[in-house]
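Visitor: Let's see this in three dimensions:
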Amino acid sequence: MGKIKIGEKIGYALGDGAANIAWRGVATFLFIFYTDVFGLSPVTVGVLMLVARFSDGISDVLMGIIGDRTSSRYGKFRPWILWTALPLAVILSLLFTSPELSSTGKIVYAYITYIFFTLIYTANNIPYGALMAVMTGDDKERTSLGSYRMVGAFAGGMLVQGALLFLVAYFGNVDPNLEVSQLDQSEYRVVVSAPESVENVNIKTKDGIALFTWDDKERIPEENVPTPGKSFSIEQGKRYAFRVSGETDLTKSDFTIIDQKRGYSNSMYLMSAFLALFMFITFYTTKERIQPPKSQKNNLKKDFKDLITNKPWLVLLVIGLLYNIYNSIKQGITIIYFTHYLNNQLLAASFLIGLMLASIVGAMITSPLGKKLGKRNLFIYALIFSGAINALLVFCGPNDIEAIFSIGIISEMAAAIFPTLFFAMLGDAADYSEFKNGRRATGLIYSAGSFATKFGGGIAGAIIGFILGAFNYNGQDLTSIQGAIPGIIMLMSWIPAIITLIAAGLMFMYPLNQGKMDEITLELNARRLRE
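Guide: Residues are numbered from 1 along each chain as shown. Below you'll find the predicted structure:
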C-alpha cells in the first residue's frame with residue numbers, strides 16, 4: 001500500500017503521455033486545422049467544441065460508475081486502458097482526416113468525429129486517472145506518482161506539439177512546377193503551377209526568413225501584406241506568382257510548398273500509432289492494490305450522496321474547470337498567434353517544445369514543494385504567479401521573440417504544477433470520502449478530472465471562437481486575419497490570466513491541508529490492516 005517501484009511509475013506515466021498525444025494534439029492543432037485547412041468558420045468551431053462538452057458531464061459520471069463496478073482479473077480500471085487504446089487511436093486519426101464534403105457535410109463530419117473522440121477519451125481517461133488512487137494508499141507517494149504522470153504527460157505533449165508541424169511539412173511536401181528568377185541581389189520572382197489541384201498549400205523558404213508578396217494584379221492591397229510565406233489553393237494548370245525578398249542565393253530547392261491537408265492527416269496517423277503503443281505498455285506494467293472496504297455494497301444513491309457532500313471534491317471540480325480553461329485557451333491560440341501575428345508557424349514548434357521542457361521541470365519540483373508548502377498553498381501561489389507572468393505577453397510585439405519565449409516558459413513552469421497537484425488531490429478527495437463515510441467510489445471521484453479537462457477545453461474553444469468571430473477572423477482570408485490581431489493578442493495574454501486569479505480565490509475554500517491528510521492516511525491504513 002506504500003512505495004511503488006520506479007518502473008511501474010514510468011509505465012503509468014506513459015499512459016498520460018499517450019493521452020496527451022490525443023488531448024494536446026486536439027487542443028493545440030484542431031482549431032487551426034478546422035478553420036485554416038478544413039474550412040469551418042471560427043464561430044462554428046467554437047459552438048461545436050462547447051456543444052460537444054454538454055454530453056461529457058453525463059458520460060464522465062457514467063464512466064466513473066462503470067469503472068467502480070467493473071470486475072475482472074485485471075482489476076477495475078486497468079482493463080479499460082487496454083480496451084480503449086485502439087479505438088482512441090482510430091478516432092484521433094479521423095479527427096484530422098479531411099473528406100471531400102459539402103459545407104454542411106463538413107460540419108456534420110466534425111460533430112460526429114469530435115463527439116466520438118470525447119466519449120472514447122472519457123472511457124480511457126477516467127479509469128486511467130482513477131488507477132493512480134488504487135496503486136498506493138500513501139498520499140505522499142501518490143503525489144510522487146502524480147509528478148511522474150505529469151512528466152509523461154508533458155513528454156507526450158512535447159512529442160506532438162514539437163514534432164507535428166515538422167511532420168506536416170514532411171508528409172505534406174508538394175513538388176509542383178517552380179520557376180525562380182532573380183530580380184536583384186535579394187529579390188526574386190517565383191511562379192508556381194501544378195498538374196493537379198491542391199487545396200490550401202503553404203509556400204515559404206526553408207529558413208522561413210524571406211518575405212512573400214503576391215505578384216498578381218488581381219490581388220487587392222490588403223491581401224498583399226509581406227509575410228514569411230503565403231497560404232493559397234492551387235488550381236490545375238493555373239500559374240501563381242510571388243515577389244520574394246529578404247534572402248540571397250535562393251534556388252528552387254530553397255522553397256517548400258506544403259499540402260496542409262495531407263500533412264496533418266499523415267502526421268496524426270503516425271502519432272496515433274504511438275498513442276496505442278504507450279497505452280499497451282501502461283496496461284502491462286501497472287497494478288491495482290487498493291480495494292473498496294470489504295463491507296461496502298453497491299449503492300448508487302449513496303455514492304452520489306457522498307459525492308455531492310464531499311467539499312474537497314466540489315472545490316476541485318470548479319478549480320479543475322478553471323485551470324483547464326486557462327491552459328486550453330493558451331494551447332488553442334498559440335499556433336494562430338505564431339502563424340498570423342509573428343508570421344512564423346514553424347517557430348511555434350520550438351516555443352511549444354520550450355513550454356514542454358518547462359512543464360517537465362514544473363512537474364518534477366511539485367512533489368518537494370508540495371511537501372514543504374502543502375498542496376493547497378502551492379496551488380494558490382502557482383495560479384497567481386503563472387497568470388501574472390502570462391499577462392505580460394500583451395506588451396510583446398511580433399519581433400520580441402526572446403521576451404515571448406521567456407514569458408511563456410516561466411509561466412508554463414508554474415502552470416505545470418496545476419495538473420500535477422489536481423490529480424493527486426482527487427485521490428485525496430477519494431480518501432476523504434472513505435475516511436468520512438466508510439465508502440469509496442474512486443472512479444466517480446475521478447470523473448471530475450475528465451469532466452474538468454474536457455468541459456474546460458470546450459469552454460476555452462468557445463471563448464476563442466467567439467472572440468475571433470467578433471473580430472471577423474477567417475483563417476483563409478488574409479484581410480480578416482490582420483483585422484483580428486488584437487483579439488489574438490488578448491487571447492494569448494490577459495484573458496487567460498484573469499481566469500487564474502478567480503481560481504486562486506476559490507482555492508482558499510479547499511479544506512484538506514497537509515495535517516488533515518496525514519490524519520486521514522494513518523486512519524485508513526489502520527482500517528485496511530484490520531480487514
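Visitor: drop to CA atoms for contacts and neighbour counts, all remaining ones
Guide: OK.
Visitor: and the strand or helix carrying Ser433, which residues are buried?
Guide: In the assignment (DSSP states H and E), Ser433 maps to helix 417-437. Judged by neighbour count (16 or more other C-alpha atoms under 10 Å), helix 417-437 contains these buried residues: 417-435.
Visitor: so how far is it off the chain centroid?
Guide: 23 Å (C-alpha atoms, centre = their mean, to the nearest Å).
Visitor: which strands and helices sit next to the helix or strand following that helix?
Guide: Downstream of helix 417-437, the next assigned helix or strand under DSSP H and E is helix 442-470. Contact partners of helix 442-470 among helices and strands, from 3 or more C-alpha pairs under 8 Å, 6 or more residues apart in numbering; DSSP states H and E: helix 42-54, helix 56-69, helix 103-135, helix 311-340, helix 417-437, helix 485-492.
Visitor: between those, which one is nearest to Trp83?
Guide: Comparison of the helices and strands packed on helix 442-470 against Trp83 by C-alpha to C-alpha identifies helix 103-135 as nearest, at 8.2 Å.
Visitor: Which other helices and strands does the following helix or strand past the closest one contact?
Guide: As assigned by DSSP H and E, the chain's next helix or strand after helix 103-135 is helix 139-171. Helix 139-171 makes packing contacts with helix 6-32, helix 103-135, strand 255-259, helix 260-285, helix 345-373, helix 417-437 when contacts are defined by 3+ C-alpha pairs under 8 Å, 6+ apart.
Visitor: I figured Asn343 hits Thr227, correct?
Guide: Yes. With contact defined as C-alpha atoms under 8 Å, Asn343 counts as touching Thr227 (6.2 Å).
Visitor: got a list of contacts for stretch 200-215?
Guide: 36-37, 189, 224-234, 241-247, 254-261, 344 (C-alpha atoms under 8 Å, 6 or more residues apart in numbering).
Visitor: Just send the helices and strands packed on helix 442-470 back as a markdown table, with distance to Phe471 too.
Guide: Shown next, in a markdown table, are these (distance: least, C-alpha to C-alpha, whole Å):
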| stretch | distance to Phe471 |
| --- | --- |
| helix 42-54 | 10 |
| helix 56-69 | 30 |
| helix 103-135 | 22 |
| helix 311-340 | 14 |
| helix 417-437 | 31 |
| helix 485-492 | 7 |
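Visitor: Please identify which of these is closest to Asp216.
Guide: Of the helices and strands packed on helix 442-470, nearest to Asp216 by C-alpha to C-alpha is helix 311-340, at 21.6 Å.
Visitor: name the helices or strands packed onto that closest one?
Guide: Packed next to helix 311-340, using 3+ C-alpha pairs under 8 Å, 6+ apart, are helix 6-32, helix 345-373, helix 417-437, helix 442-470, helix 485-492, helix 494-507.
Visitor: Quick one: those helices as TSV, columns for mean pLDDT too.
Guide: Formatted as TSV, the helices and strands packed on helix 311-340 follow (pLDDT from 0 to 100):
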stretch	mean pLDDT
helix 6-32	91
helix 345-373	87
helix 417-437	87
helix 442-470	80
helix 485-492	93
helix 494-507	93
